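Student: can you look at this prediction? I've put the sequence above it.
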Amino acid sequence: KIKFEKPTKETLKNIWKSKLDWLDSYEVNLLVEKFKTISGAEIENVVRKITMAEVVNDIKPNFDRLIEYCSSEVGQFKNQIKVGYL
């Protein structure tokens, strides 16, 4: 069993900036404050959604869409029953 800690604010900033280099510092800080409990894997899922929307549907990425994807990602498993070891 391996326990993964949530990333620190500084780590979250680095992850966001490395994955979406079009974000400015203000946007990165807003994301970190709004989604304090997001994991690196959840960020990766959000980035995939942004990329797929752009490639498949020719939807250009923007900050409002990014917020929508983050909200759906962190809320997706909120009421899920946990299984296994805690």
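Tutor: Cool, got the structure.
Student: surely Lys9 is in contact with Val32?
Tutor: Yes. In this structure, Lys9 is within contact of Val32 by CB atoms under 8 Å, at 5.3 Å. Quick note: C-beta positions are derived from backbone N, CA and C, even for glycine.
Student: more neighbours, these two?
Tutor: Val32 (19 against 11; other CB atoms under 10 Å).
Student: name the SS class of that one, please.
Tutor: When classified by DSSP: H, G, I helix; E, B strand; the rest coil, Val32 comes out as helix.
Student: residues touching the residue nearest to it when sequence neighbours are not counted, list them.
Tutor: Counting by CB to CB, 6 or more residues apart in numbering, Val32 lies nearest to Leu12, which is 4.7 Å off, once chain neighbours are set aside. Counting by CB atoms under 8 Å, 6 or more residues apart in numbering, Leu12 makes contact with Leu31, Val32, Phe35, Ile38, Ile43.
Student: farthest pair within the residues you listed?
Tutor: Pairwise distances across the contacts of Leu12 (CB to CB) peak at 10.6 Å, for the pair Val32 and Ile43.
Student: now do the shared contacts for those two.
Tutor: Contacts common to Val32 and Ile43, judged by CB under 8 Å, 6+ apart, are Leu12, Trp16.
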